[in-house]
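Participant: Provided below for reference: sequence and predicted model.
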Amino acid sequence: MKEIEQLDYYQDSINFILDTQADDGSICWEQNKKLDPWDHIESAMALTVAGQTEAAKKAFEWMQSNQESQGGWFSEYKSGLPSKKRIETNFAAYLCVGIWHFYLVTKDKSFVEEYYPVLDRAMEFVISMQTDSGDVLWALDEKGSKLDDSLITGCSSIYKSLECFNAIKKLLNKDLGNLEDQMRSLRGAITNKPERFDRGWKSKERYSMDWYYPILCGVITGKAGLERFQHKEKEFIVEGLGCKCVVEEPWVTIAESSELVMALACLGEIKRAQEIFSWLHQWKDPKDNLYWTGYVYPDKAFWPIEKPTWTAAAVLLAADTLYKFTDGSELFLRDWSK
């Protein structure tokens with residue numbers, strides 16, 4: 001399938017994200033559905049890959065306009081208004097990844113300078129949620145109280161965000177402060193303090209994201225990363241189909257599979273990454289060429305019945321990582337803090 005190595009192959013997905021974007025720049029899961037800031041940013045990054053820089057800027061402007069006083073964003077919006085008023089740390093942090101990615105592709109330093117105050121407020125909030133053990137608490141509740149637990153996937157994403165914030169500070173000649181110590185402490189918690197995570201609920205290690213996100217986000221690298229991948233490869237990967245979202249569920253999901261592809265690329269396992277990525281295009285709806293969320297293989301059924309923007313975005317980011325459409329293709333493959 002040589003066609004998957006060309007950006008044009010994904011044009012229907014790009015058009016779908018553009019068509020879903022509202023006039024205010026917001027990008028919901030589907031037309032008139034909900035929005036969460038993390039998936040909104042991922043869709044903006046896909047637009048950046050596609051060369052749709054003005055649309056990507058509009059998406060980032062929505063983030064700028066909707067930042068709350070403490071530096072974060074509400075966890076969910078519907079019809080332009082917050083529908084869940086929890087404020088999650090990994091959502092707040094991820095804007096650094098989106099803005100750094102935009103810079104890698106466009107080399108627009110003035111854009112980064114414009115957004116630095118937004119990023120600084122966001123990361124000040126995130127760091128205020130870091131515990132003495134190094135983990136970052138996952139959220140504030142609707143009353144503004146800290147929720148005393150942490151997530152492996154969320155903290156891994158925050159680590160990548162801190163890395164990109166480090167790069168942004170260096171680009172703009174800003175003082176790093178204690179940023180590198182904070183990164184080191186967070187990395188240490190993820191790798192060496194499992195007791196700090198999932199303290200108040202059932203362990204999320206059954207989710208594939210907890211398995212591959214520390215690899216994808218540069219927390220666990222090299223030989224240790226490869227060992228982590230191999231340890232659960234047979235549990236989560238269904239040959240010829242993709243990556244399961246939850247270990248006990250016979251359900252492969254396209255976004256998780258795409259992220260796993262990028263994690264494998266981080267490890268230098270390019271052939272395996274390309275092989276898994278080649279499986280994912282069978283999960284497009286032939287009516288519109290859009291990717292379904294997931295496939296329940298015993299039932300030979302797509303579930304849920306949705307084709308969200310963030311799934312299309314994850315596929316585009318994975319394609320760029322493998323086939324080098326842009327200068328942002330190295331985003332997850334390098335440590336930008338060095």
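Facilitator: Noted; the coordinates are in hand.
Participant: helices of the chain, start to end?
Facilitator: Using DSSP state H, the helices of the chain run over residues 11-20, 37-49, 53-66, 89-93, 95-106, 109-128, 152-171, 179-192, 208-216, 222-236, 254-266, 270-279, 309-323.
Participant: check which helices and strands the shortest one sits against.
Facilitator: Pointing back at helix 89-93 there. Helices and strands touching helix 89-93, by 3 or more C-beta pairs under 8 Å, 6 or more residues apart in numbering; DSSP states H and E, are helix 37-49, helix 109-128, helix 152-171. The C-beta positions use only the backbone N, C-alpha and C, and glycine is treated the same way.
Participant: same deal with the first one?
Facilitator: Other elements packing on helix 11-20 under the criterion 3+ C-beta pairs under 8 Å, 6+ apart are helix 37-49, strand 290-291, helix 309-323.
Participant: kindly recompute the last result at 10 Å.
Facilitator: Secondary-structure packing of helix 11-20 (3 or more C-beta pairs under 10 Å, 6 or more residues apart in numbering; DSSP states H and E): helix 37-49, helix 53-66, strand 284-285, strand 290-291, helix 309-323.
Participant: just those: most buried one?
Facilitator: Mean neighbours per residue, mean count of other C-beta atoms under 10 Å, is largest over the helices and strands packed on helix 11-20 for helix 37-49, with a mean of 27.
Participant: who does that helix touch, helix- and strand-wise?
Facilitator: helix 11-20, helix 53-66, strand 74-78, strand 81-88, helix 89-93, helix 95-106, helix 254-266, helix 309-323.
Participant: follow-up on the earlier one: can you lay out the helices of the chain as JSON lines showing distance to Gly80?
Facilitator: Listed next are these as JSON lines, based on distance: least, C-beta to C-beta, whole Å:
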{"stretch": "helix 11-20", "distance to Gly80": "14"}
{"stretch": "helix 37-49", "distance to Gly80": "12"}
{"stretch": "helix 53-66", "distance to Gly80": "9"}
{"stretch": "helix 89-93", "distance to Gly80": "17"}
{"stretch": "helix 95-106", "distance to Gly80": "19"}
{"stretch": "helix 109-128", "distance to Gly80": "19"}
{"stretch": "helix 152-171", "distance to Gly80": "25"}
{"stretch": "helix 179-192", "distance to Gly80": "33"}
{"stretch": "helix 208-216", "distance to Gly80": "29"}
{"stretch": "helix 222-236", "distance to Gly80": "37"}
{"stretch": "helix 254-266", "distance to Gly80": "25"}
{"stretch": "helix 270-279", "distance to Gly80": "35"}
{"stretch": "helix 309-323", "distance to Gly80": "16"}
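Participant: circling back: relative to Ala46, which of the helices and strands packed on helix 37-49 is closest?
Facilitator: With C-beta to C-beta as the criterion, Ala46 lies closest to helix 309-323 of those, at 3.6 Å.
Participant: who touches the residue positioned nearest the centre of the chain in this structure?
Facilitator: A centroid search over the chain (C-alpha atoms, centre = their mean) returns Glu42, at 6.0 Å, as the residue closest to the centre. Residues in contact with Glu42 (C-beta atoms under 10 Å, 6 or more residues apart in numbering) are 17, 27, 36, 59, 94, 97-98, 101, 255, 259, 309-314, 316-317.
Participant: and the helices and strands packed on helix 37-49 as a markdown table, adding distance to Glu113?
Facilitator: Shown next, in a markdown table, are the helices and strands packed on helix 37-49 (distance: least, C-beta to C-beta, whole Å):
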| stretch | distance to Glu113 |
| --- | --- |
| helix 11-20 | 26 |
| helix 53-66 | 13 |
| strand 74-78 | 26 |
| strand 81-88 | 26 |
| helix 89-93 | 19 |
| helix 95-106 | 10 |
| helix 254-266 | 28 |
| helix 309-323 | 25 |
